[in-house]
Structure formats: structure tokens, C-alpha cells
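Chemist: Could you work out the structure for the sequence below:
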Amino acid sequence: MLVGVVSDTHGNRGGMGLLAERLKDLGVELVLHLGDDYRDLAVLEQAGLKVLGVPGMYCREYADPSVSNRRVVELGGVKILLTHAPQVHRLDLPGDPDPERPAPDVRIVLYGHTHVPALEEKEGALWANPGHLKDQVDKGYPPTFALLRLSPREVALEVLRLEDGEIILRGVYHPGN
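Modeler: Next up is the predicted model:
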């Protein structure tokens, strides 16, 4: 299963348009949006993409108990935690799970917030940040997104520059090993 991952789009409609084109050309089955801005999910949906997401802490939806601030999804036989921040935040609602202590069967934690692409294995799970999609360099990084190739035995993740598709981070992880 091929999944696109994006975070911190911050209303950059031009960047989201280019992202939608790239993801459709690549044949992604689903896009995971990790917040800021939650309303940007609609832009990707209007482009014909299937999207799941969580809000960022400063989105009004974050304070709405009917919207999941963090969610666990199972894709390609792998359980994935979606969260905007990689740690507990003062704006979390009661009952929001602690992203630093994911359930034991969660094999991937996808987060945003920092605007810095990251990929590391930590405590038996793959932790990854696709970076940001702002229209300029931020925190030393250009706009980026991630591709996640999922199967029950292997997960491959690549973070790519939006502008030209160049891979800036790549990793392979074997869930359960």
C-alpha cells in the first residue's frame, strides 16, 4: 500500500496543488495529514485524494471533542498513530492519548509540528515527520512530504522535496522485529 504523508500545510494552496498532482501521479491510495491546518484536508479531497487527518493544536478543531486529536489507523496490516505533536501538549483534551507512550501494537508514529523532517526507530516503533509544506524554507528545510510503502513485513518511508521530488531521507523498518 502506498500512502502520502504531509503536515503543516498552513494554507499553502499552491503547495497543496503541486502535492496533489505528485501524489496522484505516484498512485497513492491515501493521504495522511498531520495538522496545521486541519481545514486543508478539504483542499486535498477536492483534488480527488482520499484523506485522513488530525488537527494541529492551534486549529479550532483541536478543542472539539468530536474531532480526534490523535488517532490510530491500521493500514497494510500495520498500526499507525497519527498526531500533530510528538509529545503531550497543554491544549490536549482529557482522554487524548500520550503520543510518547503509544499502544504496544503501534508500529509507526507519524507527527508534524516541528517542520523538520525526521525518521528514527525508537522503542520498537518507527517515528517519522514529513516536514512542512509552507511556501518557503523553514527551519532550514524546503517544503517536503513523505511516501510510506506498507506491508505487514516491511515499511519503507521516504521524505521528498516538494519542488523536485528529490529524496532527502529514506528508511526501511521491519515491524515486530
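Chemist: Tell me the confidence at Asn177?
Modeler: With respect to pLDDT, Asn177 scores 63.
Chemist: Going by residue numbers, what spans are strands in this structure?
Modeler: Ranges of strands in the chain, per DSSP state E, are 2-6, 30-33, 51-53, 70-75, 78-83, 106-110, 118-122, 125-129, 144-150, 155-161, 167-173.
Chemist: Can you tell me the strand partners of the fifth one and which way each runs?
Modeler: Just to be clear, that refers to strand 78-83. Using DSSP bridges, strand 78-83 pairs in its sheet with strand 70-75 (antiparallel), strand 106-110 (parallel).
Chemist: Asp96 contacts Asn69, correct?
Modeler: Yes: assessed by CB atoms under 8 Å, Asp96 is found in contact with Asn69 at 5.0 Å. In short, each C-beta sits where N, CA and C put it, glycine included.
Chemist: What ranges in the protein fall below the confidence cut-off?
Modeler: By pLDDT under 70, the weakly predicted segments of the chain are 177.
Chemist: And the lengthiest helix in the chain, what's buried?
Modeler: If you go by DSSP state H, the chain has its longest helix at helix 13-26. By neighbour count on 16 or more other CB atoms under 10 Å, the buried set for helix 13-26 is 15-16, 18-20, 22-23.
Chemist: Same question for stretch 103-118.
Modeler: Residues of stretch 103-118 classed as buried under the neighbour-count rule (16+ other CB under 10 Å) are 106-115, 117.
Chemist: between those residues, which is nearest Arg153?
Modeler: Each of those was scored against Arg153 by CB to CB, and Arg107 proved nearest at 11.2 Å.
Chemist: Quick check: that closest one vs Ala125, distance?
Modeler: According to CB to CB, to the nearest Å, Arg107 stands 6 Å off from Ala125.
Chemist: re the thing from before, can you tell which of the strands of the chain is closest to Glu61?
Modeler: Relative to Glu61, the nearest member of the strands of the chain by CB to CB is strand 51-53, separated by 9.6 Å.
Chemist: and the closest one, what does it pack onto?
Modeler: Packing partners of strand 51-53 (3 or more CB pairs under 8 Å, 6 or more residues apart in numbering; DSSP states H and E): strand 30-33, helix 41-46.
Chemist: How far off centre is it?
Modeler: 9 Å (CA atoms, centre = their mean, to the nearest Å).
Chemist: One more: stretch 27-41?
Modeler: For stretch 27-41, the distance to the chain centre is 7 Å (CA atoms, centre = their mean).
Chemist: Could you give me the buried positions within that stretch?
Modeler: Buried, per 16+ other CB under 10 Å, within stretch 27-41: 28, 30-38, 40-41.
Chemist: any chance of those residues in a markdown table, with distance to Gly76 too?
Modeler: Shown next, in a markdown table, are these (distance: CB to CB, whole Å):
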| residue | distance to Gly76 |
| --- | --- |
| Val28 | 12 |
| Leu30 | 10 |
| Val31 | 15 |
| Leu32 | 12 |
| His33 | 18 |
| Leu34 | 18 |
| Gly35 | 22 |
| Asp36 | 26 |
| Asp37 | 27 |
| Tyr38 | 25 |
| Asp40 | 24 |
| Leu41 | 21 |
